[in-house]
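K.L.:
Have a look at this prediction, sequence included:
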Amino acid sequence: MSDTTYRKICVTPEKFGSRDFATATSIVDVKLPSIPPGRIGVRVRATGIEASDIIQMAGGYGPLAGKKPVSAHDGTVQLGDLGCEGVGVVEHVGEGVDGSWKIGQAVMWAGFGVSFREYVVLDPAGEDFFDATKVPSAKPEWTAVPVSAMTAVGALELVGHIAKGQTVLVTAAAGGTGHIALQWAKKYGARVAGTCGSEEKEQMLKDLGCDVVVNYRTQDVEAVLAKEFPGGFDLVYEGVGGRMGNIAKRLLGKAGTLVSVGSVSSDYSGATKGDQNPDPPHQPLATQTHAGFFMPNGKNYPEWPRLVQETVDAVASGAVRIVMDEGCKEFNGLEGVYKAQARMRSGKNVGKIYATITPA
Ligand SMILES: NC(=O)c1ccc[n+]([C@@H]2O[C@H](COP(=O)([O-])OP(=O)(O)OC[C@H]3O[C@@H](n4cnc5c(N)ncnc54)[C@H](OP(=O)(O)O)[C@@H]3O)[C@@H](O)[C@H]2O)c1
C-alpha cells in the first residue's frame, strides 16, 4: 500500500465460475478512495478465511449470484471483491461520522468482498450483514468473531434455544466456528461431544473442555456417541453435511434440535474426502426440529445486538478462547490469503484460519 494506492484480491472475469481460488482470482492495484461523508477508512490488519469463500467466489451465493465480476477496478468494494471478515485500524474518518470513531480505533467487520484487501471503506452505522464494531485491539483473533463466533452463538441461542445442562454435539468442532460453539455450550453447563479428524485436534478439544471427543478417522462416531449419549442429543451444531450430517441426524434425541450451518464436506469442489455415503436422508420425527442458521440473518433478531456484545465481552475477557490456527502464522500480505485458502482446503487447520494482511 502506498499513499495513493492499495491492493485487493478480485475474481478474474475470464475465470469466473472456477472453484480453484488460485486460478479464479488475481491481485490488483487500485486508487485509494476518498472517504465519503459518514464513512470510515480502515487499514486492514488481518482477514479471516471462510469455508464459503469459494462458493461466493464462484457465484453460488452472495453478490455474484446471477451477476458477473467487474473488469475495471476502483478503490471501492465492487462485484468480484472477496473476503468477508476483517479486523483493522481506522485511518480516516469521514465528515459527519459519530465522534466515538477516532483515528487509531481497532475495528472488526463482516460483509461481502470486504477483507481480502489492504484498505476498506466502511459504514460505521451498518454494514452488509454485520455492523463495524469497536474491539480492544486489531489482533487477528478478532477475525474469528463476526462470522465464526456469531454463527455459533446465533445458531445455539436463536435457533437452538440452548438451555442449561443439555447434551450438545458439535461437528467440525476444532474448526473456526466449531471450537467457539463448543465453548458457548459449556457456558450453559452442557455435556458436549465434538467430532474432528486428527490427534492434534482431539487434544485441542480436550483442552477446551469438550467432554467426549471423537476422531472420525479412527473411531466409529455413531457407535461411540450412541453409547455415551443413550438418550441422543438435545442440540446438534452441524457444519459438515454428507455422512457426518446423516450420523448427526440419527444421533438427535427424540425432542432434539439440529441446527445446520453448512456442508463443508461437499462445499469445495464437489470432491470430498469420502464423507458422503448413500445413507438415505434421515426423516425427522414430529417431535424433532431440523433448522438452519445463516449468520447474515442474525440482524433480523431483536436479541442480536445483545448477543454481539456478550460475545465481544466473552472473547475480550478470555471466557471464550479464540484458537488461531498455528499453520497460518506466516501467512502474510495478500499472498498469504492464497496460502490460507489452500490451508482451508486441506482440512488440517486447528482453530480459525486467517492471513495477516498488514503486520502491526
Ligand atoms: N451459516 C453460516 O452463517 C456459517 C458461517 C460460518 C461458517 N459456516 C459453516 O460452518 C462450517 C465450518 O466452517 P469453518 O469456517 O469453521 O471451517 P473449519 O471448521 O475451520 O474448517 C473446515 C473443517 O471441516 C472439516 N472437514 C470435513 N470435511 C472436509 C473436507 N471434505 N475438506 C476439508 N475439510 C473438511 C475439517 O476438520 P475435521 O478434522 O473435523 O474434518 C476442517 O478443518 C462450514 O460448513 C461453513 O460453511 C456457516
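P.N.:
In hand now; what should we look at?
K.L.:
show me where pLDDT drops low in the stretch 101-250 of the chain?
P.N.:
127-128 (pLDDT under 70).
K.L.:
I'd like the distance between the spatially most central residue of the chain and residue 123.
P.N.:
Residue closest to the average C-alpha location in the chain (Cα atoms, centre = their mean): residue 148, at 3.4 Å. Residue 148 is 22 Å from residue 123, where distance means Cβ to Cβ, to the nearest Å. Every residue, glycine included, has its C-beta placed from N, CA and C.
K.L.:
now swap in residue 191 and tell me
P.N.:
In terms of Cβ to Cβ, residue 191 sits 42 Å off from residue 123.
K.L.:
Same question for residue 87.
P.N.:
For residue 87 relative to residue 123 (Cβ to Cβ), the value is 17 Å.
K.L.:
Could you check which of the two has the larger neighbour count?
P.N.:
residue 87 (29 against 17; other Cβ atoms under 10 Å).
K.L.:
quick one: pLDDT of that one?
P.N.:
Per-residue confidence (pLDDT) for residue 87: 98.
K.L.:
Am I right that it is in a helix?
P.N.:
No: read with DSSP: H, G, I helix; E, B strand; the rest coil, residue 87 is strand and lies in no helix.
K.L.:
residues contacting it?
P.N.:
Contacts were defined as Cβ atoms under 8 Å, 6 or more residues apart in numbering; by that measure residue 87 touches 44-46, 106-108, 135, 138-140, 142-143.
K.L.:
if we go to 10 Å?
P.N.:
Each residue near residue 87 by Cβ atoms under 10 Å, 6 or more residues apart in numbering is listed here: 42, 44-48, 106-109, 115, 133, 135, 137-146, 354, 357.
K.L.:
Same check on residue 191?
P.N.:
Counting by Cβ under 10 Å, 6+ apart, residue 191 touches 165-168, 185, 210-212, 228-229, 233-234.
K.L.:
how about these in TSV, adding neighbour count?
P.N.:
Shown next, in TSV, are these (neighbours: other Cβ atoms under 10 Å):
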residue	neighbour count
165	9
166	21
167	23
168	27
185	28
210	27
211	18
212	18
228	14
229	19
233	24
234	22
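K.L.:
Keep only those of those that are in helices.
P.N.:
185, 228 (DSSP state H).
K.L.:
Could I get the contacts of residue 191 in a markdown table, plus columns for distance to residue 295?
P.N.:
What follows is the contacts of residue 191, written out as a markdown table (distance: Cβ to Cβ, whole Å):
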| residue | distance to residue 295 |
| --- | --- |
| 165 | 26 |
| 166 | 22 |
| 167 | 24 |
| 168 | 19 |
| 185 | 18 |
| 210 | 23 |
| 211 | 26 |
| 212 | 27 |
| 228 | 30 |
| 229 | 27 |
| 233 | 22 |
| 234 | 22 |
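K.L.:
Report the buried residues of the helix or strand hosting residue 225.
P.N.:
In this assignment (DSSP states H and E), residue 225 forms part of helix 221-228. In terms of neighbour count (16 or more other Cβ atoms under 10 Å), helix 221-228 has its buried residues at 221-222, 224-225.
K.L.:
Against residue 1, how distant is the residue nearest to residue 47 when sequence neighbours are not counted?
P.N.:
Closest residue to residue 47 apart from its sequence neighbours, by Cβ to Cβ, 6 or more residues apart in numbering: residue 115 at 3.9 Å. The gap separating residue 115 from residue 1 is 15 Å, by Cβ to Cβ.
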